[in-house]
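Undergrad: sequence first, predicted coordinates after that:
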Amino acid sequence: MLIGRRVKEARLEKKMSQEELGKMLGVTKVSICGYENGTRTPTMQNFLDLVEILGVTPDYLLGRDMAVIMEENEPYKTKISKEEMIILKELKKDRELYNQICTDPKRYAELIVRKLKK
């Protein structure tokens, strides 16, 4: 879960233990571990408190931290995560594959999901 990975990165950047963050947030170390592993979801209030304590934006924790321009009739601007941007850059390295995926992204996403489940 992206939120969990981002919470952990921000916590480690602040040189905080799970226990320290838990005390500041008013939850147990086990709860922080659950947030980071994606087995628990913070309440809205805890999410907002995490943003404040870790000094990050809600968009960062949600993985919407990079602005991109949309085409056609879409809204002018949206945000995606840096991880999504890396995926796009890697796909573009193989021009033929990238063009195939662009022709029918839903179909190719379904093929990838099926392949990963085998």
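TA: Now that the structure is in, tell me what you want to look at. Only a predicted model underlies this, so the values are computations on that prediction, with no experimental measurement involved. Residues are numbered from 1 along each chain as shown.

Undergrad: drop to CA atoms for contacts and neighbour counts, all remaining ones
TA: Will do.

Undergrad: show me the contacts for the spatially closest residue to residue 18 that is not a sequence neighbour.
TA: Leaving aside its sequence neighbours, residue 18 sits nearest to residue 29 (Cα to Cα, 6 or more residues apart in numbering; 5.3 Å). Contact analysis of residue 29 by Cα atoms under 8 Å, 6 or more residues apart in numbering lists 18-23.

Undergrad: what residues go with each domain of the protein?
TA: 2-62, 66-117 (automatic domain parsing).

Undergrad: most tightly packed of these?
TA: domain 2-62 (a mean of 16; mean count of other Cα atoms under 10 Å).

Undergrad: so where do the helices sit in the protein?
TA: 2-13, 18-25, 29-37, 44-54, 58-62, 82-92, 95-103, 105-117 (DSSP state H).

Undergrad: of those, which shows the lowest average pLDDT?
TA: When the helices of the chain are compared on mean pLDDT, helix 95-103 scores lowest, with a mean of 82.

Undergrad: now do it and helix 82-92, the angle between them.
TA: 120 degrees (axes from the mean of the first three to the mean of the last three Cα atoms, to 10 degrees).
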